[in-house]
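Novice: Pasting the sequence and the predicted model now:
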Protein chains: 4
Amino acid sequence: MNSWGNRFRVTLWGESHGAQVGVTIDGVPAGIPVSEDDFEADLARRRSGAAGTTPRKESDAPHIVSGVYRGYTTGAPLTVEFLNENTRSGDYSSLETHPRPSHADWVAMKKYHGYNDPRGGGHFSGRITLALVTAGVVAKKILGEGVKFTTEITEIGGCADKERFGEIIEHARMEQDSVGGVVECRAEGVAAGLGEPFFDSAESLIAHLLFSVPAVKGVEFGSGFAAARMRGSEHNDPIVDAEGHTATNHAGGIVGGITNGNAIVVRAAVKPTASISREQQTYNCADGRIETLVIKGRHDVCITLRAAVVVEAATAIALADLSLRA
Amino acid sequence: MNSWGNRFRVTLWGESHGAQVGVTIDGVPAGIPVSEDDFEADLARRRSGAAGTTPRKESDAPHIVSGVYRGYTTGAPLTVEFLNENTRSGDYSSLETHPRPSHADWVAMKKYHGYNDPRGGGHFSGRITLALVTAGVVAKKILGEGVKFTTEITEIGGCADKERFGEIIEHARMEQDSVGGVVECRAEGVAAGLGEPFFDSAESLIAHLLFSVPAVKGVEFGSGFAAARMRGSEHNDPIVDAEGHTATNHAGGIVGGITNGNAIVVRAAVKPTASISREQQTYNCADGRIETLVIKGRHDVCITLRAAVVVEAATAIALADLSLRA
Amino acid sequence: MNSWGNRFRVTLWGESHGAQVGVTIDGVPAGIPVSEDDFEADLARRRSGAAGTTPRKESDAPHIVSGVYRGYTTGAPLTVEFLNENTRSGDYSSLETHPRPSHADWVAMKKYHGYNDPRGGGHFSGRITLALVTAGVVAKKILGEGVKFTTEITEIGGCADKERFGEIIEHARMEQDSVGGVVECRAEGVAAGLGEPFFDSAESLIAHLLFSVPAVKGVEFGSGFAAARMRGSEHNDPIVDAEGHTATNHAGGIVGGITNGNAIVVRAAVKPTASISREQQTYNCADGRIETLVIKGRHDVCITLRAAVVVEAATAIALADLSLRA
Amino acid sequence: MNSWGNRFRVTLWGESHGAQVGVTIDGVPAGIPVSEDDFEADLARRRSGAAGTTPRKESDAPHIVSGVYRGYTTGAPLTVEFLNENTRSGDYSSLETHPRPSHADWVAMKKYHGYNDPRGGGHFSGRITLALVTAGVVAKKILGEGVKFTTEITEIGGCADKERFGEIIEHARMEQDSVGGVVECRAEGVAAGLGEPFFDSAESLIAHLLFSVPAVKGVEFGSGFAAARMRGSEHNDPIVDAEGHTATNHAGGIVGGITNGNAIVVRAAVKPTASISREQQTYNCADGRIETLVIKGRHDVCITLRAAVVVEAATAIALADLSLRA
């Protein structure tokens, strides 16, 4: 479904080439200053334009249409809309017969009996993450200035050397290919005690949101998969003070599903963009043959670049929901 | 919270040393044959006894107390309880002053203002996963015999050679230490079309449940983190027939958040058991000094051994919930 | 919160004098024909204009902004928006000091610490029921043509004689007063078996939605309060055929919380409009005196006239949600 | 479904003649003193024994099996169970062919394809309200001593004279019949500001729970249906002080879906017991004839007597959930 959250509830809608993408956020406490300008910094981080991102340009101007009065939230649902521009829908009928590999084309046709909107990926488009980023801005306002997010790309194409990221992306682009990457988000200053075990652990909520983003294929906290390769004596984090701070932070700030006052550390693995320019094989649903497919248009070579702020938003939304339950 | 699910709703309760651990499962269709014996195979997989597992022995006999009549589910809530036996509660008051590293002791005290049940970890005990395994058995009945689960431990202590797992665990035990591991669950025969984007993607629901298990610190689907190191041309899975089968399965059977008819492949990273016998340092909450802690009793050296069936149960529960929404 | 529903999920937003009122409906099956024209008949029933209704005129033109492609629902969220026009906001600051009796002014200020949007009642305005009516149209499409709704006003100002309704309203208007009424909604052709006891009984869901409408102060099914005055031998409905039809329908089509295949019969009591033109007393929050209040502007003398379609929509939404769970 | 609540979540299970009826309550704050004795007063109000109630005697001894440690709630799920005793199941197979009028027999068979537990009404039995009463006791503890409930029967068989209630019930009993009634619950001292419009109004939540009780066929707040017969000038409640107190309370303490600090007043119409001893007609599902049915055993002549505490519990649960959201 397209709603998420217990006390901070995000509902989104829209399609890539439809009239708009929108989000309504319920449970926002009254009295928080919000203006349309407040969204710009995070929207810019998601926007295309850098090397390795799609040339489709959207101004992504947010329109607040409910829930704010005289510059402050009212306690009623806060709704923000983005009109779609620069949509060149062209002819998407070929997708029905030639589903793109590792795209949602085939499952969407299957699930929705061919009634899904195929233009630009429709509701499966990465454009829907606009809604998450928007909600993330509000979530961070709720968490307050005491919570500081630091989000960075730690790997691209298997390389951890930030100096070389540009080069790796450029090589992929020249070879009409794409590359994946890893995003790490750290949130410092998060209060201890957030998380509602058994099911609504802090890790469960953050991961739930992250895995909503179609390109995310892995999520780990603290040492994550590396923890599986450690001994308990290495992995255990000794508590060193009355606030629960630990000498190490292999747990990524969450123990027993509850935040422990140390930095939340989460990493998301982002797969390489499925749309690549080079020739691929696919199944022709009309005549049952395997055929060569060339995906037209220009696409993100490395969607990871634009996904960083989305990972941060997801983390912030989960933490805001938990903080409003506390 | 301790409930999860939209159409297949699992609610659990209990503490490690309380009267019982129980689970009620709502939304089970009427007419499914269920007996107490049906749970034994999976409960045995979770039970201690093998090398590397705790010597605490529990018969774990399931008692069906509602929802089954004359051997079939009735459509009313199906409740199963397990009486706790073999609890040696002793004195847990030391936990209040000396929280164990990487255990929930400190966060539980903080969150519940010292009212949490500390005996054996209370509600944070791994014993609570009995409820998940129980619900998993029912979930698999709902999915039907066409869905086949294969779950195995693919790594222990960083080693992928199954032949050496016993040796690695024994070394850790001798050194009064513990080891982590990785569990892989494959589900074949899952129908295409399960998953409710944006938020209730198949990956989101499975990961939500897996991260409810306190020892799980990472979750990935298909190629997972390795996907972040791949090119699109390597990672993309070409569709080869009208049923959506793909030549490769880097996606782990889920594209755009929706199952695509290929095998679901999910891996969970399980951290090393936090309770180790060797000396550790911790903070003495009473007098503010760093002190040496020795955790008494005997514990699982490698909780991964018992977690495999829990990972399978979590996957089955998520898929059952989605299949009942379809 | 501003979302409701398990499988048919309605989320609404907006304020009386804000930019718009909108609704997004999740869980709509793909392939249902929907156009903006489809909403007109029910919107017209809610629209002002008849004697006894407010002179504020709104064209209430629905804009479908997501979830429909080439005239059919896509399975993605269906969003419909209504731009607000004809808002004469004027100065609402007097409400902060002089809350109107039986309006939400005082509770809204209290709950939202004065940050609520007071213009025209803000989010508490009856205008929000536009969203319900819109969702009701879609709900009725899901229920299908086999389900027939008949909704009528059975009482106004205590009078059950439809011929005299106009006269009663006119008297109240001339006396600068308002009148309440009762709406009865019948739904014939509803399948037997809808309702999810214990908590999600058909009656619970319908009543939940009806009591969301601020003016509704009572809800009853079948004989309702009259049942409390009957003997069992009078009230019991004898089953007369294999489809569960009953000779009488004192139950209003719902037994044990589950529809029994007979007509659903529900009645809602609608209070008299709180805004009346004649002088009233209220508390001056600024100086603590009881003062005379005159509410300016023109208002509905009998909101019941416009509430009939809202009651029908609420009933349809609840039944659609239950039918999608079946 | 059998779970209800956002922050105070009640999940129930059990059948009339199964092993037990149980309830687990999630979201109970840690540190509230709870003992098994605390339930006795309200359980006694629900227990049979008075004139007009069923002779089936149950000790209804509550067993707390989780969530309480050393006499205080722990923050983990609080589970209470009641073992069923005194069940004389006999032969219920006749219900499959001869459904009792106005009972859930027919709808249960229809919905659950004949797999429902028919013994004593199974999961549709009024015995399930034990769970509500239990949760109500905990809810009242959360609301605190400042909230005072007064619940009384205001009508039996259409008569409002309490002196004559016994006589009316006795007449019905002698005539092998049953009678309905009305319960009124008042809650004084409830804080202003509870209620989450649009959908989760205080009235919606209370009514949702009340209509879960199978015998309830009408719910009204304050003047309720009488409000529909009033003028605005009569019905409006003038505010008289800074705490929002009103000179009259026609609103029943809820305006715009939000509590206004005045007494909550809610009434529930309880239908006459469907099980009556005198002969009735029903449809023979086996051979398609209308036949005479005699319901054996002894039943409540006036279930309203035992429903009063259930109405109070439902009101308390809804208010507790809202207060934990505030």
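Specialist: Good, I have the coordinates. Numbering: from 1, shown residues only, chains lettered A, B, ... in the order given.

Novice: Quick check: A:Lys217 vs A:Leu210, distance?
Specialist: A:Lys217 sits 10 Å away from A:Leu210, going by C-beta to C-beta, to the nearest Å. C-betas here are computed from N, CA, C, even on glycine.

Novice: same check, this time on A:Gly253
Specialist: A:Gly253 is 16 Å from A:Leu210, where distance means C-beta to C-beta.

Novice: neighbour count winner among those two?
Specialist: A:Leu210 (30 against 27; other C-beta atoms under 10 Å in any protein chain shown).

Novice: if I pick that one, what's in contact with it?
Specialist: Contact partners of A:Leu210, counting by C-beta atoms under 8 Å, 6 or more residues apart in numbering or on different chains, are A:216, A:219, A:266, A:268, A:311, A:314-315, B:207.

Novice: what number of residues lie near A:Trp13?
Specialist: 28.

Novice: my bad, A:Glu291
Specialist: What A:Glu291 shows, counting by other C-beta under 10 Å, is a neighbour count of 13.

Novice: Next: A:Trp106.
Specialist: Look at A:Trp106: counted by other C-beta under 10 Å, it has 29 neighbours.

Novice: Also the one 3 residues further on?
Specialist: By the measure other C-beta under 10 Å, the count of residues near A:Met109 is 19.

Novice: Could you give me the buried positions within the host helix or strand of it?
Specialist: Assessed by DSSP states H and E, A:Met109 sits inside helix A:105-111. Residues of helix A:105-111 classed as buried: A:105-111 (neighbour count, 16 or more other C-beta atoms under 10 Å in any protein chain shown).

Novice: Kindly report the same for stretch A:27-45.
Specialist: Buried-residue list, stretch A:27-45, by 16+ other C-beta under 10 Å: A:27-28, A:30, A:32, A:34, A:38-39, A:42-43, A:45.

Novice: Show me the strands in the stretch 1-150 of chain A, by range?
Specialist: Counting by DSSP state E, counting those that start in this stretch, the stretch 1-150 of chain A has strands at residues A:3-4, A:9-14, A:20-26, A:63-66, A:68-69, A:72-73, A:78-83, A:148-156.

Novice: Secondary structure, distance to chain C and pLDDT added to the contacts of A:Leu210, as JSON lines?
Specialist: Shown next, in JSON lines, are the contacts of A:Leu210 (DSSP: H, G, I helix; E, B strand; the rest coil; distance: C-beta to the nearest C-beta, whole Å; pLDDT from 0 to 100):
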{"residue": "A:Val216", "secondary structure": "strand", "distance to chain C": "20", "pLDDT": "98"}
{"residue": "A:Val219", "secondary structure": "strand", "distance to chain C": "25", "pLDDT": "98"}
{"residue": "A:Val266", "secondary structure": "strand", "distance to chain C": "27", "pLDDT": "98"}
{"residue": "A:Ala268", "secondary structure": "strand", "distance to chain C": "24", "pLDDT": "98"}
{"residue": "A:Val311", "secondary structure": "helix", "distance to chain C": "23", "pLDDT": "98"}
{"residue": "A:Ala314", "secondary structure": "helix", "distance to chain C": "19", "pLDDT": "98"}
{"residue": "A:Thr315", "secondary structure": "helix", "distance to chain C": "23", "pLDDT": "98"}
{"residue": "B:Ala207", "secondary structure": "helix", "distance to chain C": "21", "pLDDT": "98"}
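
Novice: Would you mind checking the residues you listed for buried ones?
Specialist: Neighbour counting with 16+ other C-beta under 10 Å marks A:216, A:219, A:266, A:268, A:311, A:314-315, B:207 as buried within the contacts of A:Leu210.

Novice: Kindly report the residues of chain A close to chain D.
Specialist: Counting by C-beta under 8 Å from any C-beta of the partner chain, the residues of chain A close to chain D are A:6-7, A:325.

Novice: how does it look with 10 Å?
Specialist: By C-beta under 10 Å from any C-beta of the partner chain, the part of chain A that sits against chain D consists of A:6-7, A:26-27, A:75-77, A:196-199, A:324-325.

Novice: So which of those are in helices?
Specialist: When DSSP state H is applied, these are split such that A:324-325 fall in helices.

Novice: Next up, the contacts around whichever residue of the stretch 1-150 of chain A sits closest to chain D.
Specialist: Taking C-beta to the nearest C-beta as the measure, the stretch 1-150 of chain A has A:Asn6 as its residue closest to chain D, at 6.6 Å. By C-beta atoms under 10 Å, 6 or more residues apart in numbering or on different chains, A:Asn6 lies in contact with A:27, A:196, A:200, A:205, A:321-322, A:324-325, B:1, C:1, D:6-7, D:325.

Novice: Same question for A:His63.
Specialist: By C-beta under 10 Å, 6+ apart, the contact set of A:His63 is A:20, A:22, A:36, A:79-83, C:19-20.

Novice: try 6 Å
Specialist: The contact partners of A:His63, by C-beta atoms under 6 Å, 6 or more residues apart in numbering or on different chains, come to A:Glu81.

Novice: quick one: it from A:Phe82, how far?
Specialist: In terms of C-beta to C-beta, A:His63 sits 7 Å off from A:Phe82.

Novice: which residues in chain A form helices?
Specialist: For chain A, applying DSSP H gives helices covering A:40-46, A:93-97, A:105-111, A:129-143, A:165-174, A:202-210, A:232-235, A:304-325.

Novice: contacting residues around the longest one?
Specialist: The set of residues that contact helix A:304-325 without belonging to it, under C-beta under 6 Å, 6+ apart, is A:5-8, A:42, A:45-46, A:50, A:52-53, A:129, A:132-133, A:135-136, A:139-140, A:142-143, A:149, A:151, A:153, A:181, A:183, A:185, A:187, A:194, A:205-206, A:209-210, A:213, A:266, A:268, A:270.

Novice: now do the second one
Specialist: Residues outside helix A:93-97 that contact it (C-beta under 6 Å, 6+ apart): A:105, A:118, A:284-286.

Novice: Find the closest residue to chain B in the stretch 151-300 of chain A.
Specialist: Closest point on the stretch 151-300 of chain A to chain B, by C-beta to the nearest C-beta, is A:Gly256, at 2.8 Å.

Novice: For that residue, which non-adjacent residue is closest in space?
Specialist: With C-beta to C-beta, 6 or more residues apart in numbering or on different chains as the criterion, A:Gly256 has its nearest non-adjacent residue at 2.8 Å, and that residue is B:Ala104.

Novice: count of neighbours near the one you found?
Specialist: A count of nearby residues for B:Ala104, using other C-beta under 10 Å, gives 27.

Novice: A:Gly257 is in contact with that one, correct?
Specialist: No. Under the criterion of C-beta atoms under 6 Å, B:Ala104 is not in contact with A:Gly257, lying 7.8 Å apart.

Novice: shared neighbours of these two, anything?
Specialist: Joint contacts of B:Ala104 and A:Gly257 (C-beta under 6 Å, 6+ apart) do not exist.

Novice: OK, contacts around A:Arg278?
Specialist: Going by C-beta under 6 Å, 6+ apart, A:Arg278 touches A:Gln176.

Novice: Likewise for A:Asp42?
Specialist: Residues near A:Asp42 by C-beta under 6 Å, 6+ apart: A:133, A:137, A:309.

Novice: Centroid-wise, who is the farthest residue in chain A?
Specialist: A:Asp287 (37.0 Å; C-alpha atoms, centre = their mean).

Novice: I'd like the mean pLDDT over stretch A:35-47, please.
Specialist: Averaging pLDDT along stretch A:35-47 yields 95.
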